[in-house]
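In: got a sequence here, can you build the structure:
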Amino acid sequence: MLVSLLDRSRTRVDRSSAAAVADTVERARWAEAAGYHRFRVAEHHAVPGIASGTPAVLLAAIGAATTAIGLGTAGVMLPNHTPLLVAENALMLEALFPGRLDLGIGRSLGFTPPIRRALRAESADGFAADLSDLLDFLHGTGSVTAQPAADRPIPVSVLATGSGLEVAARLGLPVIVGGPALADPDRIRTYRRAFVPTETTPRPRVTVSADILVADSDADARVLALSEAVALAESRRTGDFPPLRPVTEMPELGPRALEVAERTLAGAVFGSRETVRRELERLVERTDADEVLSSASTFDRAALRASDEALVSVLA
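Out: Numbering: from 1, shown residues only. Sure thing, here's the model as predicted:
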């Protein structure tokens with residue numbers, strides 16, 4: 001089972017935003033040493049608490065700091081860009097780090113209305129057409145020739161939000177499934193049934209994404225998972241993701257925020273090695289997944305590294 005990491009460059013109360021970006025590059029180094037298949041980054045604009053807004057720039061730094069681990073996005077949000085610009089960024093990364101890039105594409109808009117206005121991105125209605133244009137530019141068959149030309153087709157995956165699964169099936173593309181879509185196996189089965197094979201992707205391919213944390217005990221792992229769960233609960237109230245904090249500094253949550261935090265924990269996979277192995281076996285069996293992508297983060301960076309290293313051994 002292939003296993004990869006997604007890092008959102010989350011800030012922490014004791015470290016700057018610049019340090020959060022440096023932490024992401026450092027985590028990519030240790031992920032490569034631990035044996036991960038791919039290291040992915042994501043696009044989040046103007047969200048306090050998340051330092052990464054430009055995946056292409058961050059992947060260039062990660063590629064320069066590593067030697068072989070796959071580089072990926074999960075994802076680049078196509079409604080925020082022209083297909084040509086996304087293609088050019090991807091082709092440049094492919095030229096710099098041949099054979100290492102996988103482009104994960106999403107259709108989500110900005111986190112809040114002011115961010116969407118600042119991005120000039122008010123609708124994702126044209127996602128399918130824009131994705132087709134992007135594929136044409138990547139394959140050298142677009143209305144203009146995107147440069148630098150690639151020596152191989154750059155793999156493209158679609159994030160399973162909104163109509164992502166349906167679009168991916170129609171275009172014969174792999175999918176990355178997490179969140180609500182992961183809780184509905186029927187949607188994944190529909191994707192498989194509707195999948196149109198292509199030369200580059202002859203069969204459906206599913207990557208499942210979840211917050212996965214491994215510790216010595218289930219209780220210890222729950223403490224690690226609380227950092228992000230509480231931050232997400234606060235974000236629903238304030239519109240900002242607060243920096244990750246140690247459990248001793250967690251705010252007291254009201255009933256509604258507590259419900260959000262508990263839902264987040266319910267969707268995560270955390271526990272001892274035995275617990276996580278059992279839960280992932282169930283997840284992979286339910287989804288027939290080809291790859292597991294951990295999107296977890298926590299305040300304690302040493303504990304996060306230990307968790308990352310343990311996860312590889314669990315899936316091995």
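
In: quick one: residue 220 from residue 271, how far?
Out: When Cβ to Cβ, to the nearest Å is applied, the distance between residue 220 and residue 271 equals 9 Å. Heads up, the C-betas are built off the backbone N, CA and C, glycines and all.

In: mind checking which of these two has more residues around it?
Out: Under the neighbour definition other Cβ atoms under 10 Å, residue 220 and residue 271 were set side by side, and residue 271 has more, 23 against 17.

In: give me phi/psi at the more buried one?
Out: Dihedral angles phi and psi of residue 271 (degrees, to the nearest 10) take the values phi 150, psi -170.

In: residues contacting stretch 140-157, please?
Out: The contact list for stretch 140-157 (Cβ atoms under 8 Å, 6 or more residues apart in numbering) reads 74-75, 83-84, 87-88, 90-92, 94-95, 98-99, 101-105, 131, 133-139, 168, 173-176, 200, 205, 207.

In: how about stretch 234-248?
Out: 10-13, 47-50, 111-112, 223, 226-228, 230-232, 251, 256-257, 260, 297-300.

In: next step: the contacts of stretch 140-157 restricted to strands.
Out: Secondary structure assignment (DSSP state E) places 101, 102, 103, 104, 105, 175, 176, 207 from these within strands.

In: the last one: what's it in contact with?
Out: Yep, that's residue 207 we're talking about. Applying Cβ under 8 Å, 6+ apart, we find residue 207 in contact with 4, 157, 174, 175, 176, 177, 289, 290, 291, 292, 293.

In: once you drop chain neighbours, what's closest to it?
Out: residue 291 (4.2 Å; Cβ to Cβ, 6 or more residues apart in numbering).

In: number of residues surrounding the one you found?
Out: Each residue near residue 291 was counted by other Cβ under 10 Å, and the total is 20.

In: that one pairs with what?
Out: Using DSSP bridges, the bridge partners assigned to residue 291 are residue 2, residue 207.

In: ok, it to residue 209 distance?
Out: For residue 291, the distance to residue 209 under the criterion Cβ to Cβ works out to 9 Å.

In: repeat for residue 22
Out: Noted for residue 22: a distance of 24 Å to residue 209, by Cβ to Cβ.

In: out of these two, which sits in the busier spot?
Out: Regarding residue 22 and residue 209, a neighbour count based on other Cβ under 10 Å identifies residue 209 as having more, with 24 against 15.

In: poorly predicted segments of this structure, please.
Out: The chain contains residues with pLDDT under 70 at 239.

In: immediately after the longest helix seen in it, which helix or strand?
Out: What stands out as the longest helix in the chain, according to DSSP state H, is helix 218-238. Scanning forward in sequence from helix 218-238 by DSSP states H and E, the next helix or strand is helix 255-267.

In: list the contacts of the residue lying closest to residue 262 once chain neighbours are set aside.
Out: With Cβ to Cβ, 6+ apart as the measure, residue 229 is the residue that lies nearest to residue 262, at 7.8 Å, once sequence neighbours are left out. Under the criterion of Cβ under 8 Å, 6+ apart, the neighbours of residue 229 are 261, 262, 264, 265, 268.

In: ok, now residue 314?
Out: Applying Cβ under 8 Å, 6+ apart, the residues contacting residue 314 are 214, 273, 276, 277, 280.

In: PyMOL command for the buried members of those residues?
Out: Buried members of the contacts of residue 314 can be picked out in PyMOL with the line below, counting by 16 or more other Cβ atoms under 10 Å:
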select buried, resi 214+276+277+280
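
In: tell me the SS of the residue nearest to residue 54 when sequence neighbours are not counted?
Out: Sequence neighbours aside, residue 43 is the residue nearest to residue 54 in space, at 7.4 Å (criterion: Cβ to Cβ, 6+ apart). When states are read from DSSP: H, G, I helix; E, B strand; the rest coil, the local structure at residue 43 comes out as coil.

In: you'd agree residue 43 is up against residue 56?
Out: No - under the criterion of Cβ atoms under 8 Å, residue 43 lies out of contact with residue 56, with a separation of 9.3 Å.

In: between these two, which has more neighbouring residues?
Out: residue 43 (23 against 18).

In: give the contact list for the nearest residue to residue 260 once chain neighbours are set aside.
Out: If you skip the residues right next to it in sequence, residue 260 has residue 233 as its closest partner in space, 4.1 Å away by Cβ to Cβ, 6+ apart. Contacts of residue 233 were listed using Cβ under 8 Å, 6+ apart, and they are 253, 257, 258, 260, 261, 264.
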